[in-house]
Every structure is written in structure tokens, then in C-alpha cells.
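Trainee: no FASTA, just this:
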């Protein structure tokens, strides 16, 4: 135990911007959402583990989701599923009921009704009825009707049941002769507009080919753009791998890029990344002990965010 405490102390002393915390006990250990405890009789008991920083922000009852009637049970199943999870984790029934009371308190704070929450928790606490295990065939012929959900949507299920005879008179009823399964997709919200789930991929080949194959000098008096090469690829001196170059539209004023500096006299290379290419090249020149002669260094831009191109091995 002392070695662990000393290790955490060394971590906190090494990095002052981060604070590492830990808990240790000779009789219990926390693993995911379970606390394992060794009893005096050497038996193991389990309990629900919840962090002190957990705010229990489950889905709010006023959230824009389909209403409770079946099969839309998004909100209705929260209390039952969480209580069933507690029953599976906690071995002691008294401890399980205590955790369920805490669950009821958290759900009431999220706008759920006390009576409905207690009914679902009681259902989870009651022993399940005995059921004969039998194979139920799955009907794969049903076709889902996917709609974008919003609160003003009418009862689409009732409309489908009412006009089912009209649907069956359609010529396509021979292919889809069963009532469609109603399904909802989530409508656009503020989170989907502010947070992008995925990154955009590389541009199509036609868009990449339309780029100019050579750099675009900025015309500045310092004339750093003359160091750019017009090669379409670059070879690594260490591994021999070849990479496509993206010099199109680049200049010494390019920002957010990956570059390669090659020394022709010594045959060495330096790869770096920067958000200000001109300033970084200035630092490189000032760091050189000898005077930089003309054509001594050659600069190659292999990745530039401004042109939305990607590095790709040949």
C-alpha cells in the first residue's frame, strides 16, 4: 500500500497541472460499477459503485422523445432497467432496496412521477414468473416505417390500423402484406448542430486534380516561397517510403501544415508541423550555425489543412 501511495505522490509532483487521486482498501475494490467486499467469513459481497462526482443525469422526463404507449418505451423503461441492474449487482436484498430508494430519488429529480417510478421498481424487485423456454420464430417479413419524431406528430399507429384495408388493396401488397412496424428517428437538435459526429473524408479525385500542382508565391520581399519544391512526391531518407506532396496554392504564409526540410548537401531531412509556416522557418534559419546559402534548403509541404488534402503513401 505504501508503494502505491508513493507512486501517486511522484505522479502529482511530476505534473502540477494534473491531479491524480486514488482510493485503496484492504477489504474492498471498485471495478466498473461494482464494489467487491471481502467479509469476515471470507465470503464476497457485491454492491453498486457510484462515483462521488456522478450527477445522475439520466434522460429528463420532459425530453422530446416518443410517448410511453407501446412500443415506444424509451422513458418508461429507465426506472425498470436501472432497478433490474441494481438487483443483478447487489447480493444483499436489503442493500438492493436501499439502492432502489436512491434511484427513485434521482429519477424524481429528473421530472419522473413518484408513483410510476415506484411501480416499475416494484416490478423489478418482484421475482419473475416461471416461463417455459420455447423457441419463438422471428418474422422477418415486416417492413419498418421510419418517421422523424416531433411532439406534434399524430398517432401514426392508429392511422395505420385504420387504413390497413386500403394498404392491402395496393398492388404492392403481395410483397408487403403485413402492417408496417412504426419506428422513429431522432429529429435535429442543438447538439447535432454544434457537435459533428464524424470528420469529413478526403476530397474526390476530381477535386484534388483541379488543384494547382505548384506553390503560389506570396510576392513578399523576404522571398521564402522560392524554397518550395514542385515535386509531386517525396521519399524518406530513413525508410524509403514515398508520400504524395501537397504544394498546391501553398506559400510561406500557409498555416496549419506539416512540412519537410531537406538538406541537399548532407542528404538529411527534418519533418515538423506548425500553425505559422513563415515564423517556424524563421526559427529554423536562426538556429543554424552556418550561413544558409542559396539552394541549400528545400521545403516541401506534405499536408496542409488549408487545402484539405491528405498525406497518402504511394
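Mentor: That came through, no problem. Note that the coordinates shown come from a computational prediction; the quantities given were computed from them, not determined experimentally. Residues are numbered from 1 along each chain as shown.

Trainee: May I have the secondary structure class of residue 262?
Mentor: Secondary structure state of residue 262, per DSSP: H, G, I helix; E, B strand; the rest coil, is strand.

Trainee: mind checking pLDDT for it?
Mentor: Here, the pLDDT recorded for residue 262 equals 76.

Trainee: Tell me what it is bridged to.
Mentor: For residue 262, the beta-bridge partners are residue 269, residue 298 (DSSP bridges).

Trainee: which one's the longest helix in the protein?
Mentor: Secondary structure of the chain per DSSP state H: the longest helix is helix 93-109.

Trainee: So which residues make contact with that one?
Mentor: Outside helix 93-109, the residues within contact range by C-beta atoms under 8 Å, 6 or more residues apart in numbering are 47-48, 56, 58, 78-79, 82-83, 86-87, 89-90, 114, 117-118, 121, 124-125. For glycine as for every other residue, the C-beta is placed from the backbone atoms N, C-alpha and C.

Trainee: what about 6 Å?
Mentor: The contact list for helix 93-109 (C-beta atoms under 6 Å, 6 or more residues apart in numbering) reads 47-48, 56, 79, 82-83, 86-87, 90, 114, 117, 121.

Trainee: pLDDT check: weakest of those residues?
Mentor: The weakest per-residue confidence within those falls on residue 56 (83).

Trainee: The closest residue in space to it that isn't next to it in sequence and residue 6: what is the separation?
Mentor: Nearest non-adjacent residue to residue 56, counting by C-beta to C-beta, 6 or more residues apart in numbering: residue 106, 4.2 Å away. Noted for residue 106: a distance of 38 Å to residue 6, by C-beta to C-beta, to the nearest Å.

Trainee: what about the two, which has more around it?
Mentor: Shown here are residue 106 and residue 6; by other C-beta atoms under 10 Å, residue 106 has more neighbours (18 against 10).

Trainee: Let me see the confidence value for that one.
Mentor: For residue 106, the pLDDT comes out at 91.

Trainee: Residue 97 now?
Mentor: According to the prediction, residue 97 has pLDDT 90.

Trainee: how many neighbours does it have?
Mentor: 15.

Trainee: returning to what we had before: give me the buried positions along the longest helix of the chain.
Mentor: 95-96, 99-100, 103-104, 106-107 (16 or more other C-beta atoms under 10 Å).

Trainee: just stretch 26-35 next, same as before
Mentor: Using 16+ other C-beta under 10 Å as the test for burial, stretch 26-35 gives residue 35.

Trainee: ends of it, how far apart?
Mentor: This stretch, stretch 26-35, spans 13 Å end to end (C-alpha to C-alpha, to the nearest Å).

Trainee: Likewise for stretch 251-263?
Mentor: Start-to-end, stretch 251-263 (C-alpha to C-alpha) is 19 Å.

Trainee: Check stretch 65-80 too.
Mentor: The first residue of stretch 65-80 is 18 Å away from its last residue (C-alpha to C-alpha).

Trainee: Equivalent analysis for stretch 241-255, please.
Mentor: 25 Å.

Trainee: just so I have it, where are all the helices in this protein?
Mentor: 2-14, 76-89, 93-109, 114-125, 156-162, 164-168, 190-194, 205-209, 277-287.

Trainee: Mean neighbour count, those: which tops it?
Mentor: Among these, helix 76-89 has the highest mean neighbour count (mean count of other C-beta atoms under 10 Å), at a mean of 18.

Trainee: how about TSV for the buried residues of helix 93-109, with distance to residue 258 added?
Mentor: Formatted as TSV, the buried residues of helix 93-109 follow (distance: C-beta to C-beta, whole Å):
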residue	distance to residue 258
95	56
96	56
99	52
100	55
103	51
104	55
106	48
107	50
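
Trainee: quick one: the nearest residue to residue 270 once chain neighbours are set aside from residue 269, how far?
Mentor: Of all residues not flanking residue 270 in the chain, residue 261 sits nearest, at 4.5 Å (C-beta to C-beta, 6+ apart). According to C-beta to C-beta, residue 261 stands 7 Å off from residue 269.

Trainee: circling back to that earlier point, got the angle for the longest helix of the chain vs helix 76-89?
Mentor: For helix 93-109 against helix 76-89, the angle by axes from the mean of the first three to the mean of the last three C-alpha atoms, to 10 degrees is 160 degrees.
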